[in-house]
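predicted model and sequence below, questions to follow.
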Amino acid sequence: MSEILLGRQVSYKSDYDNSLLFPIKRSLGRAKIIKESSLPFNGYDLWSCYELSWLDSKGKPEVRIMHFVLSADSEFLIESKSVKLYLNSFNNTKFATQEEVYNLIKSDLSQIAGSPVKVYINKLSHYKNQPLNIFEGILLDELPVEISKYQVTSELLKIDLSNKEQIVEEILYSNLLKSNCLVTGQPDWASIQISYKGKKIDHRSLLKYLISYRDHNGFHEECIEHIFVDILENCKPEELTVFAKYTRRGGVDINPFRTNVSLKNTEVIKIRDVRQ
């Protein structure tokens, strides 16, 4: 972690350099929250990158928006600033075709992650008629709750005791999730959606739990896995899905998706949130 680029002044390179990518072992963060040898979820991290540009064969700039999907079971996640620096290294590099750029990025990201990465590179016109999104479900944010300290504890999570035996299916969401970067301490903002089937979760307790992350230090992916595991262990739903859309920083937003339900490729959701 001493070589991590976050929080350091780094000179931007404008010629292609894949050595800028920096991997971080997922197991380092998971060791604190997952006791079993096998993961209690599957899923992916959806990255949206808005600063991709290169030169065509005649030196004219091309600009694109790129999404890539990294499986949650990859050995490594990729440090976000290193992705920004890596993509900016394409700025003054000539490529004959977009396919050449696509193949290079796909190969580099897959190699650094230790797992195949799906890459999508789109022209800006692709988004012309695409609306901004907001999570579906029951909004928790208007519930009256009182909070005196912001310290993450799973003890905040409660089952609704009004009908302990009732099995429900609910989709809940909040725009109040905030944590801090593990390295720089800078704030990370997100909206989060929680879908589950099981005994009814007390909505106020869930909102208080999500707000408790306000002073928590952790990478996006680690925070969402922490939330998933705490809900799973304390509320014991039969089915659980947690999806967070973090706001953009440095031209990149990261959207972790974790579920214990069968995951299909068609479930990768690339629509931007209103805050992205």
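Noted; the coordinates are in hand.

show me the shaky parts of the chain.
Under the criterion pLDDT under 70, the flagged ranges of the chain are 1-11, 264-267.

any idea how it splits into domains?
Split into domains by automatic domain parsing, the chain comes to 18-127, 138-267.

how about those in TSV, adding distance to residue 276 and mean neighbour count?
Any C-beta I mention is one placed from the backbone N, CA and C, and that applies to glycine too. Below are the domains of the chain laid out as TSV (distance: least, Cβ to Cβ, whole Å; neighbours: other Cβ atoms under 10 Å):
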stretch	distance to residue 276	mean neighbour count
domain 18-127	7	17
domain 138-267	5	18
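
will you turn the ones you listed into CSV that also has distance to residue 275?
Conversion of the domains of the chain to CSV gives the following (distance: least, Cβ to Cβ, whole Å):
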stretch, distance to residue 275
domain 18-127, 12
domain 138-267, 5
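
which one, of the ones you listed, ends up nearest to residue 12?
Closest to residue 12 of those is domain 18-127 (Cβ to Cβ; 5.4 Å).

now do that closest one: distance from first to last residue.
28 Å (Cα to Cα, to the nearest Å).

same thing with stretch 32-44?
Terminal residues of stretch 32-44 are spaced 20 Å apart (Cα to Cα).

which residues are contacting it?
Defining contact as Cβ atoms under 8 Å, 6 or more residues apart in numbering, one finds that stretch 32-44 is touched by 30, 69-73, 222, 225-226, 228-230, 232, 240, 256-260, 263, 268.

please enumerate the strands of the stretch 101-250 of the chain.
According to DSSP state E, counting those that start in this stretch, the stretch 101-250 of the chain carries its strands in the segments 117-122, 138-139, 167-180, 187-199, 239-246.

between these, which one is closest to residue 55.
strand 117-122 (15.3 Å).

helices or strands up against that closest one?
Judged by 3 or more Cβ pairs under 8 Å, 6 or more residues apart in numbering; DSSP states H and E, strand 117-122 is in contact with strand 61-71, helix 98-113.

returning to that earlier point: let me have the strands of the stretch 101-250 of the chain in TSV, extended by distance to residue 105.
Shown next, in TSV, are these (distance: least, Cβ to Cβ, whole Å):
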stretch	distance to residue 105
strand 117-122	6
strand 138-139	37
strand 167-180	28
strand 187-199	24
strand 239-246	21
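
okay, the closest residue to residue 108 other than its chain neighbours and residue 239: tell me how far apart.
Spatial nearest neighbour of residue 108, excluding adjacent residues (Cβ to Cβ, 6 or more residues apart in numbering): residue 18 at 4.4 Å. Residue 18 sits 39 Å away from residue 239, going by Cβ to Cβ, to the nearest Å.

check residue 36 too.
Separation of residue 36 from residue 239 (Cβ to Cβ): 18 Å.

ditto for residue 79
Distance of residue 79 to residue 239, given as Cβ to Cβ: 32 Å.

and for residue 14?
Distance from residue 14 to residue 239, counting by Cβ to Cβ: 47 Å.

again, but for residue 86
For residue 86 relative to residue 239 (Cβ to Cβ), the value is 37 Å.

now residue 110
As defined by Cβ to Cβ, residue 110 lies at a distance of 30 Å from residue 239.

isn't residue 160 up against residue 198?
No: if you go by Cβ atoms under 8 Å, residue 160 and residue 198 don't touch, sitting 11.0 Å apart.
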